[in-house]
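# Need a 3D model of the sequence below.
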Amino acid sequence: MLRLEKRPSPSAFWQKASPFLAVILTMIAGGIMFAALGKNPVEAIRTIFWDPLFGEFAFYFRGQLLVKAGPLILIALGLSLGFRAGIWNIGAEGQYIMGAIIGAAVGLALYPTENRMIYPVMVIAGAFGGWAWAMIPAILKTRFNTNEILVSLLLVYVAQTILAKAATGFLRNPEGAGFPGSRNFSSYPAASNPELIAGTGMHWGVVAAFIAVIAAYVLLQRHILGFHIKLAGQAPRAARFAGVAPNRLVVLCMGISGALAGLAGLFEVTGPAGQITIDFNVGYGFTAIIVAFLGRLNPVGILFAGLLMALTYIGGEMASTNLGLPSAAIQAFQGMLLFFLLASDVLTNFRVRLSTKAVA
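Numbers count the residues shown, from 1 in each chain. Next comes the predicted model:
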């Protein structure tokens, strides 16, 4: 029989190898699922991982890779800071939505004014929207010791309700013949987020994601705050002796993650999405949790994990169109990645041993 034996210290090898093992196991399990759905598993896996990069229309899809990866990286970076400190913000999807709504509302309130300062103000408003929404679970946590997981998660559904009200009510396009949705930002140059280099998918959100990776790396490796974040997660009692204020850290980490999620929402609504709609949110806030853990809560790792997850989005859409795979199967495939990553992480702290004796 197999048993798990506690390692004296975490395995450095498996800390680095478990993400790769998780990807391989996801491909195998996903292939079995696709076969059960009556699809060719090899063709499905190839469509998801190979065709977007090296297929017939690879040039277009490579640009889309950055479009999809930008918000995932931004949100995951913010979440990773809290996760490292033992602060579990599961409501980034709601913060992403509120950042988009508040940032878009500022731009639409100034329509049709043309001024180069409008978009920077919208960016600030978007970050503020995400930050303010994250402050609700943060303050409740610090003042009343509520569970930030439950509060932040439930606030996602409140944000979705506000999004529906915005699309059908206070942000609806007055010239839209009654159809839900705001004005399209592509027709409002002062408030739009177009491609900076045509055909590459590079827009201000992608630039912000790369800047955030560098900033997060410097924060964690070179700043005292990064040391406090890591210490609070690894040894909470030692962190208190080192002068770390737990409540202040909760507010700070939740605020940073909320602001980055709000920025992601603003860049998305003014760029690829183009407008506030009922179905504007596409699950980036939840998928970013997978990205954060797949990247080992490391900024550089999150960069590559975000690109990988973006690849599953694009390849999944291709598989749905070309092979007729249901979108739910693609979502399950993405969820398998987190499942197998958490399972593979067991090898970091435990050895698998073959036992020949029955345990009393």
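# Quick one: list the elements packing against the host helix or strand of residue 339.
Residue 339 is part of helix 327-344, with elements assigned from DSSP states H and E. For helix 327-344, the packing partners by 3 or more Cβ pairs under 8 Å, 6 or more residues apart in numbering; DSSP states H and E come out as helix 12-36, helix 284-294, helix 299-323. In short, each C-beta sits where N, CA and C put it, glycine included.
# if we go to 10 Å?
Counting contacts by 3 or more Cβ pairs under 10 Å, 6 or more residues apart in numbering; DSSP states H and E, helix 327-344 is packed against helix 12-36, helix 41-49, helix 284-294, helix 299-323.
# Centre of the chain to the shortest one, how far?
Here helix 41-49 is found 24 Å from its chain centre; the criterion is Cα atoms, centre = their mean, to the nearest Å.
# before we move on, what about the first one?
Distance of helix 12-36 from the chain centroid (Cα atoms, centre = their mean) equals 20 Å.
# Of all the residues in it, which ones are buried?
For helix 12-36, burial by neighbour count (16 or more other Cβ atoms under 10 Å) applies to 14, 18-19, 21-23, 25-27, 29-31, 33-34.
# thinking again about what came up before, nearest to residue 346 among the helices and strands packed on helix 327-344 would be which one?
Evaluated over the helices and strands packed on helix 327-344, closeness to residue 346 peaks at helix 12-36, with 8.7 Å, by Cβ to Cβ.
# Just the helices from the stretch 101-250 of the chain, written as ranges.
Residue ranges of the helices in the stretch 101-250 of the chain, as given by DSSP state H, counting those that start in this stretch, are 118-144, 148-165, 204-222, 224-234, 236-241, 246-270.
# Worst mean pLDDT among those helices?
Note on those: helix 236-241 shows the lowest mean pLDDT, a mean of 85.
# Buried residues, that helix. List them.
Judged by neighbour count (16+ other Cβ under 10 Å), helix 236-241 contains these buried residues: residue 239.
# and it, what does it pack onto?
Helix 236-241 packs on helix 224-234, helix 246-270, going by 3+ Cβ pairs under 10 Å, 6+ apart.
# Nearest approach to residue 351 belongs to which of those helices?
Of all the helices and strands packed on helix 236-241, helix 224-234 comes closest under Cβ to Cβ, at 21.7 Å.
# Please save the CA atoms from that closest one in CSV.
Once non-C-alpha atoms are left out, helix 224-234 reads as follows in CSV (Å, rounded to 0.1, in the frame of the first residue of the first chain):
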residue,chain,number,x,y,z
ILE,A,224,10.9,45.6,3.5
LEU,A,225,7.2,45.3,2.7
GLY,A,226,7.9,42.2,0.6
PHE,A,227,9.8,40.7,3.5
HIS,A,228,6.9,41.4,5.8
ILE,A,229,4.4,39.8,3.3
LYS,A,230,6.5,36.6,3.0
LEU,A,231,7.1,36.5,6.8
ALA,A,232,3.5,36.9,7.6
GLY,A,233,2.6,34.0,5.4
GLN,A,234,5.4,31.6,6.5
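# quick one, it and helix 204-222 angle?
80 degrees (axes from the mean of the first three to the mean of the last three Cα atoms, to 10 degrees).
# what's helix 224-234 packed up against?
helix 58-84, helix 204-222, helix 236-241, helix 246-270.
# can you tell me which residues contact the nearest residue to residue 192 once chain neighbours are set aside?
Leaving out its chain neighbours, the residue that sits closest to residue 192 by Cβ to Cβ, 6 or more residues apart in numbering is residue 185, at 4.5 Å. Going by Cβ atoms under 10 Å, 6 or more residues apart in numbering, residue 185 touches 104, 107-108, 111, 119, 122, 191-194, 269-271, 273-276.
# and what of residue 303?
With contacts defined as Cβ under 10 Å, 6+ apart, residue 303 is in contact with 69, 73, 76-77, 209-210, 212-214, 216-217, 291, 295.
# do residue 33 as well
39, 41, 44, 325, 329, 332-333, 336.
# Taking those residues, please make a ChimeraX selection of just the buried ones.
Written as a ChimeraX command, the selection of buried residues from these, which uses 16+ other Cβ under 10 Å, is:
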select :39,41,44,325,329,333,336
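# Pick the one among the contacts of residue 33 closest to residue 242.
Checking the contacts of residue 33 against residue 242 with Cβ to Cβ, the nearest one is residue 336 at 39.1 Å.
# Confirm for me that that closest one is in contact with residue 29.
Yes. If you go by Cβ atoms under 10 Å, residue 336 and residue 29 touch, sitting 5.4 Å apart.
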